[in-house]
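Chemist: Give me coordinates for this.
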Amino acid sequence: MEDVNKIFGSFLIALTFISVIPVPQKFIPSWDSRGLRWFCPMLAVSGGVFGVLWLGVWVLLSGFVGVSGVLRGFVMMLFTLGLTGGLHLDGLMDTCDAIFSHRDRETRIKILSDTHAGSFAVIGCVVVILAKTLLFFELFALRANPCTLSLIPAYSRVGMAVLLNVLPFAKSGGLAATLGASRRRGDNFFFAVWVSVLCAAGGVRECVVWVSVLVMWGKLCVKVFGGITGDLLGAFVEVCEVIMLLWMVIERCI
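Modeler: Predicted coordinates for the structure are as follows:
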């Protein structure tokens, strides 16, 4: 029973960390080694919750056939943004400023922690918002499979968990180091099983696209920053979702 409580506590921490879903504070454990023991696996599981919510809103919007597809795409994008409170988009903006600054590693890491938004941050934000809106619009027009669509947030969160679990930390005192303090290599088996389930549900090609994005982003983090940070994890989610949405459009057209 104690292990079950630890797992559920880590799940609540993960859910409240990456979403605005309300959870009574009394049920959320402390962010210590006990409370965060199962954080990485439960971060992956929380993607399933996001998938169910995506599915529900998509089906609801699909019923408004008289509404412009662009408007439905925009509402769907707003929902995905609002569900996270803009957390991942904020990480993407900081990442864009850091990467395109073309500075040394130490300066780039400092830029990640800078609260000011530069021009590259604004560009990255606009690109992602437009891309998601238009891709959702196209998928509404193509009558995409809602179940396949619902796998995308699950893939992005399990990727987030894998990166947090396996990559070195770019800085010792950052958010990633705090959340990943209790990570274990044995958790990778759980991720493999979870990905196998997603692959069986969505298809091999979708899984290959996800693995490609995950590997390339991991290499980028290590090469440019020396490891992972909280901002880089958030940026991965946004980039992964855009690419996988784009793949869904391409797959429907070929």
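
Chemist: Now do the buried residues in stretch 25-43.
Modeler: For stretch 25-43, a neighbour-count test (16 or more other Cβ atoms under 10 Å) marks 29, 35-43 as buried. The way it works is simple: take the backbone N, C-alpha and C, and place the C-beta from them, glycine included.

Chemist: Make JSON lines from these and add secondary structure and pLDDT to it.
Modeler: Output for those, formatted as JSON lines (DSSP: H, G, I helix; E, B strand; the rest coil; pLDDT from 0 to 100):
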{"residue": "29", "secondary structure": "coil", "pLDDT": "73"}
{"residue": "35", "secondary structure": "coil", "pLDDT": "68"}
{"residue": "36", "secondary structure": "coil", "pLDDT": "78"}
{"residue": "37", "secondary structure": "coil", "pLDDT": "80"}
{"residue": "38", "secondary structure": "coil", "pLDDT": "83"}
{"residue": "39", "secondary structure": "helix", "pLDDT": "85"}
{"residue": "40", "secondary structure": "helix", "pLDDT": "86"}
{"residue": "41", "secondary structure": "helix", "pLDDT": "87"}
{"residue": "42", "secondary structure": "helix", "pLDDT": "88"}
{"residue": "43", "secondary structure": "helix", "pLDDT": "88"}
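
Chemist: which one of the residues you listed is nearest residue 240?
Modeler: residue 43 (13.8 Å; Cβ to Cβ).

Chemist: Show the contacting residues for the closest one.
Modeler: 14, 17-18, 157-158, 160-161, 164 (Cβ atoms under 8 Å, 6 or more residues apart in numbering).

Chemist: Quickly check those residues for the two that are furthest apart.
Modeler: Checking the contacts of residue 43 with Cβ to Cβ, the most distant pair is 17 and 158, at 15.2 Å.

Chemist: Looking at those two, which one has more neighbours?
Modeler: More crowded of residue 17 and residue 158, by other Cβ atoms under 10 Å: residue 158, with 28 against 18.

Chemist: Pull the contacting residues for that one.
Modeler: Contacts here follow Cβ under 8 Å, 6+ apart; on that basis residue 158 touches 43-44, 47, 191, 194-195, 198.

Chemist: Against residue 243, how distant is residue 58?
Modeler: 19 Å (Cβ to Cβ, to the nearest Å).

Chemist: go on, residue 105?
Modeler: Residue 105 is 25 Å from residue 243, by Cβ to Cβ.

Chemist: what's near enough to touch the nearest residue to residue 42 once chain neighbours are set aside?
Modeler: Distances taken as Cβ to Cβ, 6 or more residues apart in numbering put residue 11 closest to residue 42, at 4.0 Å, once the chain neighbours are dropped. Contacts for residue 11 (Cβ under 8 Å, 6+ apart) come out as 38, 42, 45-46.

Chemist: Just the buried residues of stretch 199-211, please?
Modeler: Within stretch 199-211, the residues scored as buried using 16+ other Cβ under 10 Å are 199, 202, 206-207, 209-210.

Chemist: How about stretch 80-92?
Modeler: By neighbour count on 16+ other Cβ under 10 Å, the buried set for stretch 80-92 is 80-81, 83-84, 87-92.

Chemist: hang on, the earlier thing: mind putting the buried residues of stretch 25-43 into CSV with distance to residue 139?
Modeler: Below are the buried residues of stretch 25-43 laid out as CSV (distance: Cβ to Cβ, whole Å):
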residue, distance to residue 139
29, 38
35, 38
36, 36
37, 38
38, 34
39, 32
40, 30
41, 30
42, 29
43, 26
